[in-house]
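K.L.:
Quick one, what's the 3D model for this:
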Amino acid sequence: ITLERQICLWRRTEQKDWELGEKIISLSEKSAALAAPSPFNILNIKDDLQFHYRATKNYSNFRVKNVKREKILPRKISKNDKIRVGYFSADFHTHATMHLMMRMLELHNISKFEVYCFSFGPTLPDDPYQKRVKKACSEFIDLNGVSDRMSLDIARSKKIDIALDLKGYTTDCRPEIFAMGIAPIQINYLGYPGSMACDFIDYILADHMVLPPEHEGYYSEKILRMSSSYQVNDDMRKISRKRYNKKEAGLPENKFVFCNFNNSYKIGPTEFRLWCNILKECSGSILWLLETSESAKINLKNEMKKVGLEESRIYFAEKLPSDEHLKRIQNADLFLDTFNYNAHTTGSDALWAGVPLLTLPGNSFPSRVGASLVNAANIPQLICKNKEEYVKLACRLYKNKKQMGDIKKTLGKRNKKLPLFATQKFVDELENHYSALVNH
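P.N.:
The predicted structure is shown next:
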C-alpha cells in the first residue's frame, strides 16, 4: 500500500485498502513475533482515530517491548536556575522541520532557558540550518552513530528538565531513548502527527482545532494546547527575490492555478477525483502538483484521462531550494488540500507566500492540520464541512475575483501580524507551558 500510494497507483478501492490495513494490524496484534508496520506509512490510508491509535500502539510495543522507563526525579530549580530543555531530532539541517522551527530555537529566552539540541541525523558542517541551530542552542550534541544506552547516558548527564521528541515514529526515529527515560517530562511534538500511544511520553503539543477535547480518548499523552496553531512557523523565512513568473515556472499565462505541493503519498483517489471535478467545472484552470517521480506523473495523468480530462490540464513542479520554491508558488491562486493527511509544512509554505489554502478537516490529527493553519491565518471561511462544499467553494473562488482578492488581502504576503506567523508570541506561550510543567 505504501509504495503504491507513493506513485499514486490506486489499484484497489479505498475500502479494500482499509480492510488490508486492518488485517495487517490485527496480525501484528495477535503475534508479538511479527514485525509491526510503521504507523507513519499508513496514516494516509484511513481517517480514523482508533485505526491510527491501534497501528501506533502495535508499533510502539514492537519497538520498545524490552525497554522500561526509569523514573527520573525532577531537579530542584531555584529562582535563579534556568530550565533545561532538550530537543531530539534527526532533522537539524535543511529540512521541513527546521523550516518551521528554526526561528523558535533562536527566540528562546536564554536568561530563563538552556536549550540543548541532540542530533541523531547527519553531520553537515556547511549546511546553513545546522549552522544556525548550533549558534541558537546552548549546546549541540551529536548522537549520530552513538548507541541508545550511551546516548541516554549523555542526555541524562545534562540533567534535562523537559525533553521533546521531534521525530515520533518517522524516519530515523529513536523512541528507545525516550522509552528508557531522558527527563522527568517528555513531550511529543511536530514530527509525528498523532499520539505515540505509549507510556513513556507524557504530553503532546497540540491546539483546539487539531485535537479537540472530544478526541482526547485516543491519545495516551496529556494535552498541552497552544492558543493558536500548534505548528510553529519561522517569521523570518526568506522568499527569493529571483524573478519567477508563470512562464518561467512552465505554466500557461492566462489560467487560474489550483495547486498542491504535498508529497504524492498524501494524494488519494478521493481528493484527486474531486480535483478533476473542479477542473471540469472551471474550464480556464489547471492543476499544479509537485513532481515526486516519473511513475507518479504517469499514473496521475492516466487518472485524468479516465475522467475525460486532457493531460494539458496538469503541470508538475520540480523540486527547488526553499526560498525559490516560496517565490515560485506565488504564481498559484488556490492550494487544494489533501484529506487523510493534510498539508503541514507545505501548507505553511503556501500561506507564507500569500496563497490561500482550501481544506476539509477529518477526525485524525494529520487530517486536521490544514484547518489549524487556516484558522490561525484568519481565513476560517476556507475550512469546509464536507466534500460538496469543498468543490463548490473552490469553483466559487475561481469565478469570484473579488472574494478571492479579499481573502488574499486578509492573508497578505508574509503577514507577520497573523497568529500563524507570530513566532515570538508562540515562543512566549510555549515557554509558559514549560515553566508551568516544571513548577507544577
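
K.L.:
element containing residue 129?
P.N.:
Using DSSP states H and E, residue 129 falls within helix 128-136.

K.L.:
Can you spell out which helices and strands pack onto that helix?
P.N.:
With contacts taken as 3 or more CB pairs under 8 Å, 6 or more residues apart in numbering; DSSP states H and E, helix 128-136 sits against helix 96-107, strand 113-119. For every residue, glycine as well, the C-beta is placed using N, CA and C.

K.L.:
and of those, who's closest to residue 276?
P.N.:
Residue 276 lies closest to helix 96-107 among the helices and strands packed on helix 128-136, at 27.9 Å (CB to CB).

K.L.:
Let's see that closest one as CSV, backbone CA atoms only.
P.N.:
Provided in CSV are the C-alpha atoms of helix 96-107 (Å, rounded to 0.1, in the frame of the first residue of the first chain):
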residue,chain,number,x,y,z
ALA,A,96,10.9,20.8,6.6
THR,A,97,11.1,20.6,10.4
MET,A,98,13.8,23.3,10.6
HIS,A,99,11.9,25.4,8.0
LEU,A,100,9.2,25.6,10.7
MET,A,101,11.0,25.8,14.0
MET,A,102,14.4,27.4,13.3
ARG,A,103,13.3,30.8,14.4
MET,A,104,11.7,29.3,17.5
LEU,A,105,15.1,27.9,18.6
GLU,A,106,16.6,31.4,18.1
LEU,A,107,14.0,33.2,20.1
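
K.L.:
quick one: it to helix 128-136, angle?
P.N.:
Angle between the axes of helix 96-107 and helix 128-136 is 30 degrees (criterion: axes from the mean of the first three to the mean of the last three CA atoms, to 10 degrees).

K.L.:
List of residues touching helix 96-107?
P.N.:
With contacts defined as CB atoms under 8 Å, 6 or more residues apart in numbering, helix 96-107 is touched by 87, 89, 91-92, 115, 117, 129, 132-133, 136-137, 166, 190-191, 231-237, 322, 344-345, 348-349, 423-424, 426-427, 430.

K.L.:
Which ChimeraX command selects the buried ones in the residues you listed?
P.N.:
Buried residues within those, by 16 or more other CB atoms under 10 Å, are selected in ChimeraX with:
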select :87,89,91,92,115,117,129,132,133,136,137,166,190,191,231,232,233,234,235,237,322,344,345,348,349,423,426,427,430
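
K.L.:
can you tell me which of the contacts of helix 96-107 are in strands?
P.N.:
With strands defined by DSSP state E, the entries of the contacts of helix 96-107 inside them are 87, 89, 115, 117.

K.L.:
tell me the two of those that are most distant?
P.N.:
Spanning the widest gap among those are 89 and 115, at 12.7 Å by CB to CB.

K.L.:
Strands along the stretch 101-250 of the chain, start to end?
P.N.:
All strands of the stretch 101-250 of the chain, identified by DSSP state E, counting those that start in this stretch, fall at 113-119, 139-142, 162-165, 185-188, 203-207, 222-226.

K.L.:
who's in contact with the longest one?
P.N.:
Put plainly, it is strand 113-119. 82-90, 92, 105, 108, 133-134, 136-144, 151, 154-155, 158, 160, 431, 434.

K.L.:
Which residue would you name as the spatial centre of this protein?
P.N.:
When CA atoms, centre = their mean is applied to the chain, the residue found nearest the centroid is residue 344 (3.8 Å).

K.L.:
quick one: it and residue 171, what's the gap?
P.N.:
From residue 344 across to residue 171, the span is 15 Å (CB to CB, to the nearest Å).

K.L.:
Same question for residue 253.
P.N.:
Note on residue 253: its distance to residue 171, by CB to CB, is 39 Å.
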